[in-house]
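Participant: Any chance you can model this:
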Amino acid sequence: MFKKICSSSAVILGLTASATVMAEQKVAVISSFSILGDLVSEVGQEHVVVTNLVDVGDDAHVFNPTPQDAKAISKAQLVVINGLQFEGWMPRLIGAANYKGVQVIASNGIDVINTKEEHEHQDDEHEKHSDNGHDKHNDEEHEEHEEHEEHEEHEEHEEHEEHEEHEEHEEHEEHEEHEEHEEHEGHEHGDTDPHAWHSIKNVKIYVHNIAEGLMQVDPKHRSEYQQNATNYIQKLDKLELKLTTQIASIPAAERKVITPHDAFGYFARDFNVTFLAPQGTSTEYEANAADVAALIKQIRHENVKAVFVENIADNRLIEQISRETNAKIGGKLYSDALSYSDKPAATYIQMMQYNVDTIVAALKN
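Facilitator: Predicted structure coming up:
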């Protein structure tokens, strides 16, 4: 009798333990970088375990996946990416992992910024600020033109010889350019600005898309994901109102900010702040010397008060611009990654609040 009771108890304990394990199983989610990881955690709460491919404080623009990353993706139930060509390395990684599960492109449905149009507008602004300098050199340029005319025949002869000399190298150069393009294509963003998370309006769409993905892979917790998303969007509503009020305290004409790379286009659009940067939308490529010179001229002409460093960028160029323009360094902004928990931007909401606090404080002084 005693043995039968023990045996029955063991069976009951075993079933209870098995049920507990099943109840504690969480959805394995891979997010491409830390900002997305925080949003997934907010929506998923206790039902998800999130792994970021690009860790806190690291730069997704120059990220190189490892076999361990492919292995992690192969075991995931859900993969969440930003999209807009931000993670140019992701398609190859998904293929290497042979991942067939659910993918969420968090930026689906947002109002995308076309960087080509933005750059054309900035070029027009640079031309306006350099017109005076060109006018006072017109006479000198005319004299130089007359001086060069007498050398044209000689130069044409030299150019002909150089053309013949370079023809034999063209095929080799084209091959090298093709290889370079293949090497960098994983980090190019095309004509769209991928940094859409700097718009709170956009992030509300991100949250909706993430909730839809979680409900698809874990329908039994559907109502909880919906409620978590609703609660978080309410927090974003309050944050948006607060930040708008803070920025409104700065006169519109004085809302001019310099950052290392062009990561704040959506922030600029939402809050009517002018952001200028020596680099484009990716930190991978060096700034053009002519663009840097034009930016320095514009900073001096418009008396821009502050420049800012970033948490993921090489800030030496910004420090140089600060020295040459006497614009002070107003602080560090968090652009493409969150901070560790002991720093002020450990969550998306904290990051947005900290960035606005930093910008407003610098522009008021």
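Participant: Now do the domain split for this structure, please.
Facilitator: 25-112+189-230, 250-364 (automatic domain parsing).
Participant: Of the ones you listed, which is nearest residue 241?
Facilitator: domain 25-112+189-230 (9.7 Å; C-beta to C-beta). In short, each C-beta sits where N, CA and C put it, glycine included.
Participant: returning to what we had before: hey, least reliable of the domains of the chain by pLDDT?
Facilitator: Comparing mean pLDDT across the domains of the chain, the weakest is domain 250-364, with a mean of 91.
Participant: JSON lines for the domains of the chain, including mean neighbour count?
Facilitator: JSON lines is the format used below for the domains of the chain (neighbours: other C-beta atoms under 10 Å):
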{"stretch": "domain 25-112+189-230", "mean neighbour count": "20"}
{"stretch": "domain 250-364", "mean neighbour count": "19"}
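Participant: Include distance to residue 240 when you put those into CSV, please.
Facilitator: Compiled in CSV, these are given as follows (distance: least, C-beta to C-beta, whole Å):
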stretch, distance to residue 240
domain 25-112+189-230, 4
domain 250-364, 8
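Participant: Nearest to residue 244, out of the ones you listed?
Facilitator: Going by C-beta to C-beta, the one of the domains of the chain nearest residue 244 is domain 250-364, 6.7 Å.
Participant: What are the boundaries of the helices in this protein?
Facilitator: Ranges of helices within the chain are 2-24, 34-44, 67-74, 90-97, 115-135, 138-149, 152-184, 200-217, 222-248, 265-271, 289-302, 316-325, 348-364, based on DSSP state H.
Participant: Would you confirm that residue 356 contacts residue 243?
Facilitator: Yes - counting by C-beta atoms under 8 Å, residue 356 does reach residue 243; the two are 4.7 Å apart.
Participant: overlap in contacts of these two?
Facilitator: Taking C-beta atoms under 8 Å, 6 or more residues apart in numbering as the contact rule, residue 356 and residue 243 both touch residue 271.
Participant: give the contact list for residue 321.
Facilitator: Residue 321 neighbours (C-beta under 8 Å, 6+ apart): 258, 278, 292, 295-296, 299, 307, 327.
Participant: Then residue 29?
Facilitator: 40, 44, 48-51, 76-80, 214.
Participant: Residues in a beta bridge with it, which ones?
Facilitator: Judged by DSSP bridges, the bridge partners of residue 29 are residue 50, residue 78.
Participant: Look up how far residue 347 lies from it.
Facilitator: Distance, residue 29 to residue 347, by C-beta to C-beta, to the nearest Å: 17 Å.
Participant: Same question for residue 260.
Facilitator: Computed as C-beta to C-beta, the residue 260 to residue 347 distance reads 23 Å.
Participant: Check residue 276 too.
Facilitator: 28 Å.
Participant: Also residue 228?
Facilitator: Residue 228 sits 14 Å away from residue 347, going by C-beta to C-beta.
Participant: Kindly report the same for residue 207.
Facilitator: For residue 207 relative to residue 347 (C-beta to C-beta), the value is 13 Å.
Participant: One more: residue 60?
Facilitator: 18 Å.
Participant: same thing with residue 48?
Facilitator: From residue 48 over to residue 347 (counting by C-beta to C-beta), the distance is 15 Å.
Participant: same thing with residue 243?
Facilitator: For residue 243, the distance to residue 347 - C-beta to C-beta - is 15 Å.
Participant: In contact with the nearest residue to residue 99 once chain neighbours are set aside, which residues are there?
Facilitator: Distances taken as C-beta to C-beta, 6 or more residues apart in numbering place residue 73 nearest to residue 99, at 5.0 Å, with adjacent residues excluded. Contact partners of residue 73, counting by C-beta under 8 Å, 6+ apart, are 30, 79, 93-94, 97, 99.
Participant: and what of residue 206?
Facilitator: With C-beta under 8 Å, 6+ apart, residue 206 has these contacts: 36, 39, 106-107, 196-197.
Participant: and if you look at residue 279?
Facilitator: Residue 279 neighbours (C-beta under 8 Å, 6+ apart): 260-262, 285-287, 313, 317.
Participant: Identify the bridge partners of it.
Facilitator: Residue 279 has these beta-bridge partners by DSSP bridges: residue 261.
Participant: what's the spacing between the closest residue to residue 287 other than its chain neighbours and residue 327?
Facilitator: Distance criterion C-beta to C-beta, 6+ apart; nearest residue to residue 287, sequence neighbours excluded, is residue 278 at 3.7 Å. Using C-beta to C-beta, residue 278 is found at 13 Å from residue 327.
Participant: now do residue 300
Facilitator: 9 Å.
Participant: Residue 257 reaches residue 265, doesn't it?
Facilitator: No - the pair residue 257 / residue 265 is not scored as a contact, 11.7 Å apart, by C-beta under 8 Å.
Participant: list residues touching both of those two?
Facilitator: residue 275.
Participant: before we move on, the earlier item: would a markdown table of the contacts of residue 73 with distance to residue 272 be doable?
Facilitator: Converted to a markdown table, the contacts of residue 73 look like this (distance: C-beta to C-beta, whole Å):
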| residue | distance to residue 272 |
| --- | --- |
| 30 | 36 |
| 79 | 35 |
| 93 | 38 |
| 94 | 38 |
| 97 | 42 |
| 99 | 41 |
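Participant: which one of the residues you listed sits closest to residue 334?
Facilitator: residue 30 (22.0 Å).
Participant: can I assume the closest one is in contact with residue 74?
Facilitator: No - using C-beta under 8 Å, residue 30 is not in contact with residue 74, being 9.7 Å away.
Participant: Much appreciated, bye for now.
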